[in-house]
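S.K.: Turn this into a structure:
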Amino acid sequence: MNRLRREGARAIGAGRLSLVRIWLWVLLALSLCLGVSANAQQAEPGSELQVYLMTMGQGDLVWERFGHNALGIRDASTGTDIVYNWGTFSFEQEGFLPRFLRGEMLYWMAPYDAVQTLMAYEQMNRSVTVQELHLTPTQRLEIKRFVEWNQRDENKFYRYDYYLDNCSTRVRDVIDRATGGAVRRVAESQMTTMTFRDHSLRLMDGMFWSRTGIDLGLGHPTDRPITSWEAMFIPMEVQRRLRDITIKDGSGADVPLVSSEKVLFTSSRPPERMEASSQVGVFLLAGLAFAAVSVALGYKLRGRIFSTGLVSLWSLVAGVVGLLLLLLWTVTQHSAAHANQNLFFVNPLWLGVALLAPLAPLARRSRDALLLMVRICVGLTVVGAVVALTPWGQPSGAIAAFAIPVNIGAYLLVLRVVYLAQQKAAPSA
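M.R.: So this is what the prediction gives:
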């Protein structure tokens with residue numbers, strides 16, 4: 001009996017040992033399977049990459065007021081961290097000035113070291129933020145292949161457009177292409193209350209002459225409300241809009257496009273203005289004051305030299321500026337400057353007034369031509385003022401507010417010049 005018990009116990013022990021061995025083999029097999037799966041996932045092309053958006057805040061120079069951005073790629077397999085920048089240009093580029101005047105500027109894409117880029121923007125006191133993008137390995141790899149193709153000499157150049165094709169829209173388009181159009185589908189369906197002009201003026205706030213020049217030079221195409229997609233011509237708008245975008249991950253679930261956001265450097269500059277301050281009142285007061293003082297002095301002083309000088313000076317300025325606006329519309333590719341209604345207030349016809357004013361004392365024909373020319377100019381001013389009050393008017397109100405009283409003042413001074421010239425010619429007649 002004892003022998004049977006010992007043999008039975010031995011058999012049970014052997015069975016337990018076999019069962020333990022079986023479990024060990026199962027656990028080993030599972031661990032091997034998981035290891036193979038993990039290795040396969042780790043080895044999936046693109047899994048070694050991280051893609052992020054780097055956004056830089058405003059700077060001191062005119063073109064820096066709109067901010068900047070670049071697309072960054074970290075590669076764990078090579079240890080590199082490169083940002084791809086579509087905002088590269090050079091004043092030394094051959095034919096830069098003629099291309100700039102024609103609206104045919106060539107910009108290009110160039111890769112830069114991410115750390116050196118960060119240090120450069122810190123020295124310029126411009127804020128830097130990075131947003132890591134939640135993309136699949138395939139999408140990351142697609143972006144890497146595209147930027148490597150785009151940086152080649154034969155592919156890197158493009159014709160720059162301030163609003164439709166710039167360094168920011170290029171970054172936007174790369175992200176949109178990689179996500180299968182997810183960014184555009186959302187952003188293009190969202191209308192905003194702001195226009196291209198509104199965004200330009202708010203970002204130039206605080207730079208009087210630059211803001212005035214932009215307001216003067218922009219035409220009617222920049223005055224329609226734009227979509228969120230179009231607003232992404234501004235790098236800071238790309239940063240803000242991407243926060244609201246969701247995409248499908250590898251499992252088909254909806255996930256935020258921006259997986260994390262980190263501020264790398266905060267500048268000491270004032271925050272970005274979100275709305276443009278109105279300058280209509282200031283410009284109107286300045287125009288009224290200039291016109292009133294000019295007319296008062298012109299009529300008080302008996303000589304015609306002062307009145308003639310003021311008329312010629314303002315007419316020359318209005319005529320030259322108007323000629324530039326007309327050329328921007330008719331002979332250049334600056335589409336944002338087309339159909340500019342500021343030509344009602346400053347136009348090349350004022351050059352005729354500037355030329356004829358000094359000739360008024362010489363002949364009656366000169367005086368008659370001067371009166372006709374200035375009446376046409378003032379008539380256009382009145383038409384422009386009426387159009388500005390209609391739904392089709394161009395909302396560059398500050399320019400109109402200054403030019404209307406000054407143009408009327410110039411007309412009164414011309415009457416003074418003609419009157420004095422007639423008095424001088426009366427005795428000889």
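
S.K.: Extract the C-alpha set from stretch 44-58 and format it as CSV.
M.R.: Extracted C-alpha coordinates of stretch 44-58, given in CSV (Å, rounded to 0.1, in the frame of the first residue of the first chain):
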residue,chain,number,x,y,z
GLU,A,44,7.3,50.4,-38.7
PRO,A,45,8.6,53.0,-41.1
GLY,A,46,7.9,56.5,-39.7
SER,A,47,7.6,55.4,-36.1
GLU,A,48,11.0,56.9,-35.4
LEU,A,49,9.8,60.4,-36.4
GLN,A,50,8.0,63.2,-34.5
VAL,A,51,6.4,66.0,-36.4
TYR,A,52,5.6,69.3,-34.8
LEU,A,53,4.7,72.9,-35.8
MET,A,54,7.0,75.7,-34.6
THR,A,55,5.3,79.1,-34.3
MET,A,56,7.3,82.4,-33.8
GLY,A,57,5.6,85.6,-32.6
GLN,A,58,5.9,89.1,-33.9
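
S.K.: if you skip the residues just before and after it, what's nearest to residue 135?
M.R.: residue 51 (5.6 Å; Cβ to Cβ, 6 or more residues apart in numbering). All C-beta spots, glycine's among them, are computed from the backbone N, C-alpha and C.

S.K.: Confirm that that neighbour sits in a helix.
M.R.: No - going by DSSP: H, G, I helix; E, B strand; the rest coil, the assignment for residue 51 is strand, not a helix.

S.K.: Hmm, residue 73 and it touching each other?
M.R.: Yes - because the distance of 5.6 Å satisfies Cβ atoms under 8 Å, residue 51 is recorded as touching residue 73.

S.K.: where do the contact lists of the two overlap?
M.R.: Counting by Cβ atoms under 8 Å, 6 or more residues apart in numbering, the shared contacts of residue 51 and residue 73 are 140, 143-144.

S.K.: closest to residue 379 among the residues you listed?
M.R.: Checking the shared contacts of residue 51 and residue 73 against residue 379 with Cβ to Cβ, the nearest one is residue 143 at 57.4 Å.

S.K.: Which SSE is immediately downstream of the helix or strand harbouring that closest one?
M.R.: Taking DSSP states H and E as the definition, one finds residue 143 inside helix 137-150. Using DSSP H and E, the helix or strand that follows helix 137-150 in sequence is strand 157-159.

S.K.: Quick one: name whatever helix or strand follows that following strand.
M.R.: Strand 157-159 is succeeded, C-terminally, by helix 167-178 (DSSP H and E).

S.K.: any idea of the angle that next one forms with helix 137-150?
M.R.: Inter-element angle recorded for helix 167-178 and helix 137-150: 140 degrees (by axes from the mean of the first three to the mean of the last three Cα atoms, to 10 degrees).

S.K.: List the contacts of helix 167-178.
M.R.: Contacts of helix 167-178 (Cβ under 8 Å, 6+ apart): 53, 66-71, 85-87, 107, 109, 133, 135, 139-140, 142-143, 146-147, 158, 182-184, 229, 232-235, 237-238, 242, 257.

S.K.: any chance you could map the helices in the stretch 1-150 of the chain?
M.R.: Counting by DSSP state H, counting those that start in this stretch, the stretch 1-150 of the chain has helices at residues 2-42, 96-102, 114-123, 137-150.

S.K.: ok, now which ones touch the residue nearest to residue 135?
M.R.: Contact partners of residue 51, counting by Cβ under 8 Å, 6+ apart, are 71-73, 132-133, 135, 139-140, 143-144.

S.K.: Out of these, the closest to residue 262 would be?
M.R.: Once Cβ to Cβ is applied, the member of these that ends up nearest residue 262 is residue 132, at 8.1 Å.

S.K.: From residue 172, how far out is the closest one?
M.R.: Going from residue 132 to residue 172 by Cβ to Cβ, to the nearest Å gives 17 Å.

S.K.: Who has more neighbours out of the two?
M.R.: The neighbour comparison of residue 132 against residue 172 (other Cβ atoms under 10 Å) goes to residue 172, with 25 against 17.

S.K.: Report pLDDT for that one.
M.R.: Per-residue confidence (pLDDT) for residue 172: 98.

S.K.: Which parts of this protein are strands?
M.R.: Remark: strands assigned in the chain by DSSP state E are 49-56, 68-75, 80-88, 106-113, 128-133, 157-159, 246-248, 254-256, 258-265.

S.K.: Contacts made by the third one with the rest, please.
M.R.: Outside of strand 80-88, the residues that reach it under the criterion Cβ under 8 Å, 6+ apart are 54, 68, 70-75, 107-115, 117, 147, 150-151, 158, 166-167, 170-171.

S.K.: That one vs helix 114-123, what angle?
M.R.: Using the same axes, to 10 degrees: strand 80-88 against helix 114-123 is 50 degrees.

S.K.: Tell me which strands strand 80-88 pairs with, and in which orientation.
M.R.: Strand 80-88 has these partner strands in its sheet, going by DSSP bridges: strand 68-75 (antiparallel), strand 106-113 (antiparallel).
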